[in-house]
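Undergrad: Next comes the sequence, and after it the predicted model I'd like to discuss.
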Amino acid sequence: MAWKIILGFAILILIAGVWVRVAPLPKARLTQTPGPVEPGAHPMMGGIKVVRPLTSLPEDAFARMLDVAEATPRTERVGTGDDPAAFVTRSRLWGFPDIATIWVADGNLHVHSHLVFGRGDMGVNAAKVTRWFDKLEQPEG
């Protein structure tokens, strides 16, 4: 009897693991998102939005940020076009997707990164976006 319960849990875990990898991404989350437009780091439910003035960033900051995002492990570019550019980064173990959108508006670079499933991301998106900006601000070479 106990083995049936264990088998049932194992099957549920397997189904959940497959679901987070194959579930369609919400198209609405691949676009510019509302939220703060003033410069700063703005924690949001399930993620973070960082707005930085282009004048405080290296030349070609938008293009360079796209390169940094694309070079991130387990990250792929999704959607079409550059306005905004959308990326999905999946967690190492389960493959949970986090969506990041990057765009320029009103002289600022906007990066919004957030989870798809659940409510709290345990700071994963804030850490990722911080690493992205750190790499962006490193001298090229």
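TA: Received it, and whenever you're ready, just let me know what you need.
Undergrad: I'd assumed Phe96 was in contact with Gly17.
TA: No. Look at Gly17 against Phe96 with CB atoms under 8 Å: they stay out of range, at 9.7 Å. The way it works is simple: take the backbone N, C-alpha and C, and place the C-beta from them, glycine included.
Undergrad: In terms of neighbours, single out the busier of these two.
TA: Phe96 (18 against 14; other CB atoms under 10 Å).
Undergrad: what are the ranges of the strands in this structure?
TA: In the chain, the strands defined using DSSP state E lie at 40-44, 47-53, 75-78, 85-90, 97-105, 108-115.
Undergrad: Let's have those strands in JSON lines, adding mean neighbour count.
TA: Formatted as JSON lines, the strands of the chain follow (neighbours: other CB atoms under 10 Å):
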{"stretch": "strand 40-44", "mean neighbour count": "13"}
{"stretch": "strand 47-53", "mean neighbour count": "20"}
{"stretch": "strand 75-78", "mean neighbour count": "14"}
{"stretch": "strand 85-90", "mean neighbour count": "20"}
{"stretch": "strand 97-105", "mean neighbour count": "20"}
{"stretch": "strand 108-115", "mean neighbour count": "22"}
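Undergrad: With mean pLDDT as extra columns, can I get those in TSV?
TA: What follows is the strands of the chain, written out as TSV (pLDDT from 0 to 100):
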stretch	mean pLDDT
strand 40-44	95
strand 47-53	96
strand 75-78	94
strand 85-90	94
strand 97-105	95
strand 108-115	96
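Undergrad: Of all those, which one is nearest Ala69?
TA: The closest of these to Ala69 is strand 85-90. By CB to CB, the value is 4.9 Å.
Undergrad: Show the average pLDDT along the longest helix along the chain.
TA: Identified as the longest helix of the chain according to DSSP state H is helix 2-22. Helix 2-22 comes out with an average pLDDT of 84.
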